[in-house]
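Peer 1: build me a structure from this.
(one chain, ligands or ions: 2)
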Amino acid sequence: MARQKPLKLYRNIGIIAHIDAGKTTTTERVLYYTGKKHQIIEVHDTKDGKASTTTDYLEQERKRGITIQSAAVSCEWKGYQINLIDTPGHVDFTIEVNRSLRVLDGAVVVFDGVAGVEPQTETNWRLANQYNVPRMCYVNKMDRMGANFTHCVKGIKERLSPKSVVCHVPLGSYDEFTGMADLVANVAYIWDSDDKDSTWETVPLDQLPGRFTFASAGDNEWVKRIPELRQELLEHALALDEDAFMEFVENGKFDQDVLKACIRKGTVSGEFVPILCGSSFKNKGVQQMLDAVIDYLPYPGENGGIGMVDPDGKVIGTQEVKDEAPARALAFKVINDQFGTLTFVRVYSGVIKKGDTLANVTRNKKERIGRIVEVQAAATKDIEECRAGDICAFVSMKETETGDSLSDPDKPALLERMRFPDPVISVSVEPKTRADVDKMSTALYKMVKADPSLRLQVDQETGQTVLKGMGELHLEVTIDRMRTELGVEANMGRPRVSFREAFGTTVELVYTHKKQSGGSGQYAEVKMIFEPQPSGTGVVFSDEVVGGRIPREFIPSVEHAVETECKRGQVAGYEVVDFKARLIDGKYHDVDSSALAFEIAGRAAFREAHKTSRPKLLEPIMKIEVVTEGEYLGTIIGDVNRRRGQVTDQGQKGNQATVLGFVPLSEMFGYINFLRSATSGRGTFTMEFDHYSEVPPGLVQKLMDAEA
Ligand SMILES: Nc1nc2c(ncn2[C@@H]2O[C@H](COP(=O)(O)OP(=O)(O)OP(=O)(O)O)[C@@H](O)[C@H]2O)c(=O)[nH]1
Ligand SMILES: [Mg+2]
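Peer 2: Ligands and ions are numbered 1, 2, ... in the order given. Got it, this is the predicted structure:
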């Protein structure tokens, strides 16, 4: 079958933002206005479980009124195929944004018109930078009391990108929000009602003066500034095309198509970030946002191809996005339910047909593609093939996990991987009933496979199963989803901090393992250097033995010993990270040396080295933002200091005060209760993991006693 739609008519986009900005509400409108559905469901109307928005279909999402997993939907707008992924804003589910951005070509960043730039918007913005995803800003909720476009634009320019440019100016705010001035098209769109089916009047901008007088001076000021803002936009955009810019500067003329082409070019390259506005809830500005998606965000491959890497992750080439090339796809999400496994893929090049066999290059395995489906949130539809640019899912894959590269077996290639966040919190998990005992570990394993920001560990000493995740909500939701999706019930223990350990100084040592028991003995000697490394390095083993002083076949045993033994550090039994283990010399005995003897020597060398290195205990430090009434500011700041925290900044959000800072995670459990009582229930906060830092030596014992 030939290609049905040229690549240029595709847009793969994500909707990203801080929690509650209105992503799912906007997605519902997109599906309604593109004719994909005939009824809009509001997020706050799904708690009774009777109705569901298209993308928040999980029971846990409906109950809580928040998005937990990213969901993909497809629709058509003005002849363009739009594949859209609605992502969660809660920091605990950041892996969902991460993996979506990895495979998307563009993003719409949604803002709450009252709150402006919020912590998770910044985090997601940085992620989009990392994955080089072109984006535009949509300032939503302009109808809310306290909506402040000035505050939002200032935040976007100062905290996210100085290259952002206002393209839509709101006409009024709060209950006077009636539409927007489109500085590119030189017209205003004015609605006469909030109804989802109401249309808008299109008025040339030069006819606007005198038409509106708003209650807020700020709103009137924006309208007054329209000519000046349009001039700014023209200069900024046309500067991206030298000829057009000269013509504009010298003769004041420009071509409308050239202007749009310039904005497109700038947006795709990141030199220009359009700012739009609207109110999805009051049905204003969504169609205009869709027009901008088509006009300015890239089609697959327009922003360059996909990087191909060597096994160490070094980029060694680029694959263009096109059908006439070897098949290359990236698995970015795996969903398990009673019906089996769905592996979501983004196809970068080539054509993949039902029945084809692909290489899983990451795992050096072959996979036969039995069924291919198009996914519409919870629903699937079988398709015969998929091609460059597509986002779809393969059914019942056996070997493939999130982040794996799939490729034409004759031309295997590894694609650039995605990065997974580190879990910082852990809980012990126990089966609820006898019937759950056997099923629990399989079910947990499935949950962890589907979510790379979870980790599963069985404590070797206590036999306890420990689940690690991004936050309390993340772990709670995982256990609850195990019940609803896999029918297995479990109880969770109290959440604990995922501490880590590190080497304090470099240690060089020789360790000899010698044992004579009856017949043959055991003998192995290793000389090793353990060096602390910068944060994020992980564990590096370096074999520097020369001249066969240790036979080749025994070296993997020493490496294995270090890798296993570092899971239990000498301070308090936490994983030791960020060090380099150099095996530089050793001795062996022809008869008495064995892999086992070298493994034992390696383990003992590690333990002794770590113990004598003045080892450190590391704890996760969270970046927090507290939003509260100004009168409670003093209490909040005093409390942050008491929690061993540090306030880094104070600001204003609408008429509320904000406190930004860093606090150790171990001090943040139950913070919401404190905040509620300290602010009469009016304060809110968000926190996300920022970095690991050393626990002051004097506090180690106290913290460990509290953990026990
Ligand atoms: N007043 C007003 N409320 C809105 C608007 N858009 C969304 N909301 C409300 O804001 C709340 C959150 O909306 P959602 O669409 O769930 O937000 P979200 O960004 O998807 O949230 P998460 O997925 O949990 O991060 C809901 O109660 C919406 O009705 C808007 O334009 N105006
Ligand atoms: Mg949502």
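Peer 1: drop to CA atoms for contacts and neighbour counts, all remaining ones
Peer 2: OK.
Peer 1: for the spatially most central residue of the chain, give its distance to Lys411.
Peer 2: Among the residues of the chain, the one closest to the centroid is Asn98, at 2.6 Å (Cα atoms, centre = their mean). Asn98 sits 28 Å away from Lys411, going by Cα to Cα, to the nearest Å.
Peer 1: kindly report the same for Ser216.
Peer 2: Taking Cα to Cα, one finds Ser216 at 63 Å from Lys411.
Peer 1: find the helix or strand that the residue nearest to the centre of the chain is a member of.
Peer 2: helix 94-103 (DSSP states H and E).
Peer 1: which residues are in contact with that helix?
Peer 2: 14, 16, 69-70, 85, 87-88, 107, 124, 127-128, 131, 133, 330, 332-333, 346, 418-421, 451-453 (Cα atoms under 8 Å, 6 or more residues apart in numbering).
Peer 1: rerun that using 6 Å as the cut-off
Peer 2: 70, 87, 131, 332 (Cα atoms under 6 Å, 6 or more residues apart in numbering).
Peer 1: stretch 627-636 now?
Peer 2: Here stretch 627-636 has contacts from 656-658, 683-684, using Cα under 6 Å, 6+ apart.
Peer 1: tell me which residue of the stretch 451-600 of the chain lies closest to ligand 1.
Peer 2: Ligand 1 sits closest to Leu473 of the stretch 451-600 of the chain, with a gap of 12.3 Å, by Cα to the nearest ligand atom.
Peer 1: quick one: buried residues of whatever helix or strand Ile479 lives in?
Peer 2: Ile479 is part of helix 472-486, with elements assigned from DSSP H and E. Buried residues in helix 472-486, counted by 16 or more other Cα atoms under 10 Å: 472, 474-475, 478-482, 484-486.
Peer 1: quick one: mean pLDDT over that helix.
Peer 2: Across helix 472-486, pLDDT averages out at 92.
Peer 1: convert the C-alpha atoms of it to CSV, please.
Peer 2: What follows is helix 472-486, C-alpha atoms only, in CSV (Å, rounded to 0.1, in the frame of the first residue of the first chain):
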residue,chain,number,x,y,z
GLU,A,472,4.3,8.9,47.4
LEU,A,473,1.6,9.4,44.8
HIS,A,474,3.5,7.5,42.2
LEU,A,475,3.9,4.4,44.5
GLU,A,476,0.3,4.6,45.7
VAL,A,477,-1.0,4.7,42.1
THR,A,478,1.2,1.9,41.0
ILE,A,479,-0.1,-0.4,43.7
ASP,A,480,-3.6,0.6,43.0
ARG,A,481,-3.2,0.0,39.2
MET,A,482,-1.8,-3.4,40.0
ARG,A,483,-5.2,-4.1,41.6
THR,A,484,-7.4,-2.7,38.8
GLU,A,485,-5.3,-3.8,35.8
LEU,A,486,-3.8,-7.1,37.0
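Peer 1: elements contacting the next helix or strand after that helix?
Peer 2: If you walk from helix 472-486 toward the C-terminus, the next helix or strand you reach (DSSP H and E) is strand 490-492. Identification of packing neighbours for strand 490-492 by 3 or more Cα pairs under 6 Å, 6 or more residues apart in numbering; DSSP states H and E yields strand 425-431.
Peer 1: the strand it packs on pairs with which strands?
Peer 2: In the sheet, strand 425-431 lines up against strand 465-469 (antiparallel), strand 490-492 (antiparallel), strand 496-497 (antiparallel) (DSSP bridges).
Peer 1: now for Arg549: which residues touch it?
Peer 2: 586-587.
Peer 1: which phi and psi values does it adopt?
Peer 2: Reported as degrees, to the nearest 10, the phi and psi values for Arg549 are phi -70, psi -30.
Peer 1: biggest strand in the protein, by residue count?
Peer 2: strand 616-628 (DSSP state E).
Peer 1: strand partners (parallel or antiparallel) of that one?
Peer 2: Applying DSSP bridges, strand 616-628 is found paired with strand 500-502 (antiparallel), strand 656-664 (antiparallel), strand 684-694 (antiparallel).
Peer 1: show me the strands in the stretch 251-400 of the chain, by range?
Peer 2: 273-277, 306-309, 315-319, 328-337, 340-349, 351-353, 357-360, 365-368, 371-376, 379-383, 385-387, 391-395 (DSSP state E, counting those that start in this stretch).
Peer 1: ligand 2: which of the ones you listed is closest?
Peer 2: The closest of those to ligand 2 is strand 371-376. By Cα to the ion, the value is 15.7 Å.
Peer 1: confidence-wise, which helix or strand of this protein is lowest on average?
Peer 2: Using mean pLDDT, DSSP states H and E, the weakest-scoring helix or strand in the chain turns out to be helix 700-707, at a mean of 85.
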